[in-house]
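In: Take this sequence and fold it.
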Amino acid sequence: MSDEIYKLYAHNPPHLFRPGAAYMITAGTYQKLPHIQGEARKRLWFESLIFVIGKEQWELAAWVVLDNHYHLLIHAPEAGSERLPQLIRSLHTYTARRWNDENDAPGRRVWWNYWDTCLTYEGSYYARLNYIHWNPVKHGLAAKPEDYVFSSYRAFLSEQEVEIHRLEKTYPFDQIQMPDAF
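Out: Here you go, the predicted model:
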């Protein structure tokens, strides 16, 4: 594909930006602190995510937010996939400023880093979709993914319950190597 961009960075892993591609994003808070704890912060994070994704013309496929990290499955637009770092930066800058204002902690570091993976295979896509939805169970926050409110799982389940259960069986997520030591 001639529109692909492969960027190498001095102190970070390389990034592949492909128009129209799906990306798995994981981001964590600084020192794994629970900066996203509480319903109000999770709602602000989600509203901010929707705003930034819409502004950048990306498409949100799946999401989950916990107290100190989140996972996304998003689709790049046909033009502008190289703007992924700006999308994440906008989300992190806005939420950090709001939470720092709430805590009277100007300049406090809230976000640590984010990791992105350009997904090129159907199996990788669906395994990560399952990983996102089962993440609250992995971290002991729910017995079943539908018990956790701050995730796209309930929407998936209400729209396509049979299909989501088929995908969970067909594309297991337990072998995925992900930065998720939260």
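In: Quick one: the helices in the chain, in order.
Out: 39-56, 84-102, 122-138, 153-170 (DSSP state H).
In: between the longest one and helix 39-56, how many degrees?
Out: Right, the one you point to is helix 84-102. 150 degrees (axes from the mean of the first three to the mean of the last three CA atoms, to 10 degrees).
In: circling back to that earlier point, quick one, which of the helices of the chain is packed in tightest?
Out: Ranked by mean neighbour count, those are led by helix 122-138 with a mean of 20 (mean count of other CB atoms under 10 Å). C-beta coordinates here come from the backbone N, C-alpha and C atoms, glycine included.
In: tell me what it is packed against?
Out: Packing partners of helix 122-138 (3 or more CB pairs under 8 Å, 6 or more residues apart in numbering; DSSP states H and E): strand 22-29, strand 59-65, strand 69-75, strand 111-119, helix 153-170.
In: re the thing from before, switch the helices of the chain over to a markdown table; also include mean pLDDT and distance to Asn68.
Out: Compiled in a markdown table, the helices of the chain are given as follows (pLDDT from 0 to 100; distance: least, CB to CB, whole Å):
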| stretch | mean pLDDT | distance to Asn68 |
| --- | --- | --- |
| helix 39-56 | 97 | 11 |
| helix 84-102 | 97 | 12 |
| helix 122-138 | 93 | 12 |
| helix 153-170 | 83 | 19 |
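In: could you dump those to TSV with distance to Lys32?
Out: Listed next are the helices of the chain as TSV, based on distance: least, CB to CB, whole Å:
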stretch	distance to Lys32
helix 39-56	15
helix 84-102	15
helix 122-138	15
helix 153-170	23
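In: looking at those helices, which is closest to Ala27?
Out: helix 84-102 (6.7 Å; CB to CB).
In: Also compute the angle for that closest one relative to strand 69-75, please.
Out: For helix 84-102 and strand 69-75, the angle between their directions (the same axes, to 10 degrees) works out to 140 degrees.
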